[in-house]
Every structure is written in C-alpha cells, then in structure tokens.
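Asks: Here is my input, please return the structure:
(2 chains)
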Amino acid sequence: GDSVTQMEGPVTLSEEAFLTINCTYTATGYPSLFWYVQYPGEGLQLLLKATKADDKGSNKGFEATYRKETTSFHLEKGSVQVSDSAVYFCALERAGGSYIPTFGRGTSLIVHP
Amino acid sequence: DAGVIQSPRHEVTEMGQEVTLRCKPISGHDYLFWYRQTMMRGLELLIYFNNNVPIDDSGMPEDRFSAKMPNASFSTLKIQPSEPRDSAVYFCASSLDRWGGQGYEQYFGPGTRLTVT
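Replies: You can find the predicted model right below:
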C-alpha cells in the first residue's frame, strides 16, 4: 500500500540556519505530493504541493521538488525563523480509485533565537 | 468563508459517557474527512464522505465510533460509550471533488481536544 516516511524529530535549529526535512514515499502510479504545517493548537494547513515529477512547490520561503527517481519530496528552507517552529507533515494523494490520503508521522521543528 | 468549523474545541467527559463532535465543512466542498491525532499513532484517517455518503470507514477503531453526514453542511462523529484511550485531538477536514483531477488540498478545522477520564 501507499506509505510516507519522514525523518524523526524533533529537529532543533538556531534562527537563520538551513532546514531540510526528508520525506520519501511509496505509491503506485504518479501521486500528488504535499507538505502541510501544523502550528501549536491549530489544524494542519497546506504549505506547498507538487502534482508531477520535477515540479517544485514553494511557499513562504519553503521549497520541495518532486523527485520520482528517488521517490522523495524533501522540504527545504534557506533561513528559518522562530515563527517556523511547528510540526511538518509530508503527504501523498494517489490519482484514481478510492481516495484515501496518506500522511507521514510528522516532524517537529524547533527554532531557537 | 470562515473555514472548517468544529465544535466543541475542548471536551472533557467521564468514561462511559456519550460524546458528539461536530463539523461544518467549507461551503461547496464535496469531501469530508474525520481524523484522530495522538502522540503514539500520529494522524489517523477514521472515515471520509463524498457528497454526504460514507465512502470508507475502515479507519473507525470499533463499533463505539459512528459518523454521519445528514447534509452537505454538517457532520457528526459520535463515541458511545467513551473510554480513556479515546483521548485525542479529532480533526475534521474538507476538500473539493477530485473527479478528473488531483492535487486538491485538504482544509482542516482547528480540532476538538477530547479528554476522557
């Protein structure tokens, strides 16, 4: 079945450091890939997405590139801020058939001033 | 639009009591999802609806859980009787229809934090 694997957290960084959160997936066909962010006490919200191979999603300084050859969708940001502290979820949606979204376990990011 | 609305935001109840969680999806969205989030198990999909019809409830943990969607603007998740292991944050999410396309994001509500003592 479909699955999403994320690096375990927490990831702890100092402000202005470079961020990478790894995400790999297993799915048949050509899924769409997403990164969601969950701030404390809130629901998940879409951060960025990519719907086909080699697409790059970007938003708020975050980027991720859909790499079909490595089945990966790693999240990156060049300079993190304290306000980026949150839990980040990688997810996929497989095209066709019954719709059942698949989320990773989430990676907690803590950014210190 | 106000986004996905959930109520109550917090619920504390005693073991054995009935609990009803409520959700109002974004107007015009065709899909509605119920999730449960815990530290141990992460985010779990419990059930989802398409055009008010339950499509897949394989994630519902047991018969104590039931969900309904009587119309396009309202859904409930009921636990009867509740148990301490049901303590979690329950999220409702909605999205547009996927027919002929993909890559539609889900819009999550703020969640209901349930504590069963």
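Asks: In chain B, what residue comes closest to chain A?
Replies: residue B:108 (3.3 Å; CB to the nearest CB). Heads up, the C-betas are built off the backbone N, CA and C, glycines and all.
Asks: Contact partners for the nearest residue to that residue once chain neighbours are set aside?
Replies: Leaving out its chain neighbours, the residue that sits closest to residue B:108 by CB to CB, 6 or more residues apart in numbering or on different chains is residue A:43, at 3.3 Å. Contacts for residue A:43 (CB atoms under 8 Å, 6 or more residues apart in numbering or on different chains) come out as B:4, B:91, B:93, B:108, B:109, B:110, B:111.
Asks: Kindly state the pLDDT recorded for residue A:43?
Replies: With respect to pLDDT, residue A:43 has a value of 93.
Asks: State the distance from it to residue A:2.
Replies: Residue A:43 is 22 Å from residue A:2, where distance means CB to CB, to the nearest Å.
Asks: Residue A:73 too?
Replies: Counting by CB to CB, the gap from residue A:73 to residue A:2 is 13 Å.
Asks: got any residues that touch both of the two?
Replies: With CB under 8 Å, 6+ apart, residue A:73 and residue A:2 have common neighbours residue A:25.
Asks: okay, those two: which has more neighbours?
Replies: Neighbour tally, residue A:73 and residue A:2, criterion other CB atoms under 10 Å in any protein chain shown: the higher count belongs to residue A:73, 30 against 15.
Asks: Contacts only, for the more buried one.
Replies: So residue A:73 contacts A:23, A:24, A:25, A:33, A:35, A:50, A:64, A:65, A:66, A:67, A:90 (CB under 8 Å, 6+ apart).
Asks: Report the buried members of the residues you listed.
Replies: A:23, A:24, A:25, A:33, A:35, A:50, A:64, A:65, A:66, A:90 (16 or more other CB atoms under 10 Å in any protein chain shown).
Asks: ok, which pair from those residues is furthest apart?
Replies: Of all pairs drawn from these, the greatest distance, 14.3 Å, lies between A:24 and A:50 (CB to CB).
Asks: For the spatially most central residue of chain B, give me the pLDDT.
Replies: Nearest to the mean C-alpha position of chain B, by CA atoms, centre = their mean, lies residue B:34 at 2.6 Å. Per-residue pLDDT puts residue B:34 at 97.
Asks: likewise residue B:103?
Replies: 59.
Asks: for chain B, which spans come out with low pLDDT?
Replies: B:1, B:98-103 (pLDDT under 70).
Asks: picking up where we left off before, what would the buried ones among the contacts of residue A:73 look like in JSON lines with distance to residue B:73, secondary structure and pLDDT?
Replies: Output for the buried ones among the contacts of residue A:73, formatted as JSON lines (distance: CB to CB, whole Å; DSSP: H, G, I helix; E, B strand; the rest coil; pLDDT from 0 to 100):
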{"residue": "A:23", "distance to residue B:73": "34", "secondary structure": "strand", "pLDDT": "97"}
{"residue": "A:24", "distance to residue B:73": "38", "secondary structure": "strand", "pLDDT": "97"}
{"residue": "A:25", "distance to residue B:73": "34", "secondary structure": "strand", "pLDDT": "95"}
{"residue": "A:33", "distance to residue B:73": "30", "secondary structure": "strand", "pLDDT": "92"}
{"residue": "A:35", "distance to residue B:73": "29", "secondary structure": "strand", "pLDDT": "96"}
{"residue": "A:50", "distance to residue B:73": "32", "secondary structure": "strand", "pLDDT": "93"}
{"residue": "A:64", "distance to residue B:73": "34", "secondary structure": "strand", "pLDDT": "98"}
{"residue": "A:65", "distance to residue B:73": "38", "secondary structure": "strand", "pLDDT": "98"}
{"residue": "A:66", "distance to residue B:73": "35", "secondary structure": "coil", "pLDDT": "96"}
{"residue": "A:90", "distance to residue B:73": "31", "secondary structure": "strand", "pLDDT": "96"}
